[in-house]
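dropping a prediction and its sequence here:
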Amino acid sequence: MSEFAGKVCVVTGAASGIGRALALDLARRGAKLALSDKDSVGLASTVRQVEALGAEVKSDHLDVAQREAVLSYADAVATHFGKVHQVYNNAGIGFQGEVERSQFADIERIIDVDFWGVVNGTKAFLPHLIASGDGHVVNVSSVFGLGSVPGQSAYNAAKFAVRGFTEALRQEMLVAKHPVKVTCVHPGGIKTAIARNAGAPEGDDRAAYAEFFDKRLARTTPEDAARTIVNGVRKGKARVLVGADAKLIDAFVRILGPSYQRVVAAVAARTFPKPTTEVTR
């Protein structure tokens with residue numbers, strides 16, 4: 001039997017992409033699933049697919065940026081299943097825009113979902129994970145939580161914050177001797193709709209950036225990403241790098257140190273889609 005058989009696993013952002021692939025992978029391993037997303041139509045499709053695999057599922061519409069809703073959701077999941085063993089804080093959104101041209105609201109929205117969403121999910125479920133006696137927190141950062149690139153300042157900020165938060169949490173669980181493992185995930189370019197759905201400053205050609213991401217950067221399928229993540233969780237890894245590009249960038253940043261920034265800036269100036277020149281505040 002799989003180590004995941006009978007485990008209650010929570011996956012946010014389960015309507016598509018990595019979240020859906022995680023739900024399917026965990027279902028095949030015999031897990032019980034609590035799935036959530038803001039996209040009710042996509043979530044319903046995921047539910048049908050995991051139920052076809054025989055999984056027991058609880059599905060809910062959820063905005064991870066709404067703290068009280070997440071707290072209530074965690075209690076409802078624990079009540080429904082009796083226990084909660086694993087939480088995959090996967091829900092996230094993208095934004096392509098330079099600091100100079102991004103509005104405060106753009107940056108705040110990314111931080112609210114991509115960072116506070118992870119904090120909300122972690123805090124809400126942590127007591128239940130400790131009580132289970134066999135808990136695991138899996139927080140999805142990004143390759144952009146390992147190194148920064150121009151045009152991704154808000155996303156970089158959120159994903160670096162997820163990394164710091166998660167690594168500190170892992171240490172705290174070790175110090176307190178709580179029965180909770182902690183894993184931080186850093187996906188590289190994954191073939192999902194995140195770039196196509198990403199926000200951008202008014203007037204920017206979002207389609208050009210999405211096409212650039214899809215053709216030049218997205219190399220790993222969501223299914224491969226999910227398999228890598230779940231195998232990393234099974235092994236209790238502190239950090240999981242998803243995709244050859246994530247491993248390359250991790251090594252690149254480690255080797256060059258801060259000077260990697262000049263190299264990335266030079267490459268970006270030649271290859272990245274060009275933004276408009278309008279400045280907004």
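Yep, that arrived.

any stretches of the stretch 151-281 of the chain with poor pLDDT?
Counting by pLDDT under 70, the ranges of the stretch 151-281 of the chain that qualify are 192-218, 275-281.

tell me where it has strands.
180-187, 239-242 (DSSP state E, counting those that start in this stretch).

nearest to residue 273, out of the ones you listed?
Counting by Cβ to Cβ, residue 273 lies closest to strand 180-187 out of the strands of the stretch 151-281 of the chain; the figure is 21.3 Å. The way it works is simple: take the backbone N, C-alpha and C, and place the C-beta from them, glycine included.

which residues are in contact with residue 185?
138, 139, 140, 141, 229, 232, 239, 240, 242 (Cβ atoms under 8 Å, 6 or more residues apart in numbering).

hmm, back to that, tabulate the strands of the stretch 151-281 of the chain (a markdown table), appending distance to residue 146.
Shown next, in a markdown table, are the strands of the stretch 151-281 of the chain (distance: least, Cβ to Cβ, whole Å):
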| stretch | distance to residue 146 |
| --- | --- |
| strand 180-187 | 6 |
| strand 239-242 | 8 |
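
which parts of the longest helix that the chain contains are buried?
In the chain, with assignment by DSSP state H, the single longest helix is helix 153-176. Under the neighbour-count criterion of 16 or more other Cβ atoms under 10 Å, helix 153-176 has 153-163, 165-167, 169-170, 173 buried.

still on that earlier bit, for the contacts of residue 185, which one is nearest residue 53?
residue 229 (17.9 Å).

just checking, the closest one touches residue 138?
Yes. Using Cβ atoms under 8 Å, residue 229 makes contact with residue 138 at a distance of 6.9 Å.

what is in contact with these two at once?
Residues touching both residue 229 and residue 138 by Cβ under 8 Å, 6+ apart: 88, 185.

what is the neighbour count of residue 49?
15 (other Cβ atoms under 10 Å).

show me what the helix or strand hosting it is packed up against.
Counting by DSSP states H and E, the element that carries residue 49 is helix 40-52. Applying 3 or more Cβ pairs under 8 Å, 6 or more residues apart in numbering; DSSP states H and E, we find helix 40-52 packed against helix 17-28, strand 32-37, strand 57-61.

mind putting those in TSV, distance to residue 182, mean neighbour count and mean pLDDT included?
Shown next, in TSV, are the helices and strands packed on helix 40-52 (distance: least, Cβ to Cβ, whole Å; neighbours: other Cβ atoms under 10 Å; pLDDT from 0 to 100):
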stretch	distance to residue 182	mean neighbour count	mean pLDDT
helix 17-28	17	25	98
strand 32-37	19	26	98
strand 57-61	24	17	98
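
figure out which of the ones you listed is closest to residue 87.
Of the helices and strands packed on helix 40-52, nearest to residue 87 by Cβ to Cβ is strand 32-37, at 8.8 Å.
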